[in-house]
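Colleague: No sequence on hand, only this structure:
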């Protein structure tokens with residue numbers, strides 16, 4: 001509704017500022033959950049399960065930055081952060097997109113629950129990124145098959161959203 005426009009504009013701006021606190025300054029990665037000051041939420045804070053690492057629910061953050069930048073181009077920082085994430089996976093991890101990481105890039109001894117989702121969201125980040133890894137991340141998505149088996153729903157939904165966004169057919173509704 002028209003009367004809500006200013007509220008949503010302010011909420012979007014506040015969200016962009018918050019992400020600057022929650023994303024690591026070198027890797028661009030963020031934790032699944034974060035405190036109000038942006039620090040990753042410690043594992044003991046939520047039912048003795050870890051949520052302070054770059055894991056399933058945090059993958060969508062960089063994808064959303066790509067889409068936000070495509071639609072609004074409101075903050076160049078989203079481009080910088082998207083490039084950091086892509087550089088981390090393409091250069092630091094030498095293309096491996098199947099691990100679990102602390103937001104500083106430390107690799108943990110555990111496989112990613114949703115590796116196709118990592119590929120998909122890194123590709124969607126290319127909507128904001130213009131660095132040397134944007135094309136590589138999109139190519140990788142194109143060459144990655146849909147996931148089969150137990151965890152296919154989450155992976156394949158993010159795969160679909162990335163394809164839709166990268167095709168230019170995922171559009172914001174305007175009245």
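Modeller: Looks like it arrived, so ask away. Since we're looking at a predicted model, the values are computed, not measured.

Colleague: only C-alpha atoms for contact and neighbour calcs from this point on.
Modeller: OK.

Colleague: As a check, name the ranges of all helices in this protein.
Modeller: Ranges of helices in the chain, per DSSP state H, are 5-22, 59-72, 77-87, 115-124, 134-143, 152-167.

Colleague: winner for burial among those helices?
Modeller: helix 115-124 (a mean of 28; mean count of other Cα atoms under 10 Å).

Colleague: For the most centrally placed residue in the chain, which non-adjacent residue is spatially closest?
Modeller: Centroid-nearest residue in the chain: residue 62, 2.4 Å away (criterion: Cα atoms, centre = their mean). Nearest in space to residue 62, with sequence neighbours left out and distances taken as Cα to Cα, 6 or more residues apart in numbering, is residue 125 at 5.6 Å.

Colleague: That neighbour - how many residues pack around it?
Modeller: Neighbours of residue 125 under the rule other Cα atoms under 10 Å: 34.

Colleague: now swap in the one 5 residues further on and tell me
Modeller: By the measure other Cα under 10 Å, the count of residues near residue 130 is 14.

Colleague: separation between the residue nearest to residue 146 when sequence neighbours are not counted and residue 82?
Modeller: Among residues not flanking residue 146 along the chain, residue 156 sits closest, at 6.0 Å (Cα to Cα, 6+ apart). Counting by Cα to Cα, to the nearest Å, the gap from residue 156 to residue 82 is 21 Å.
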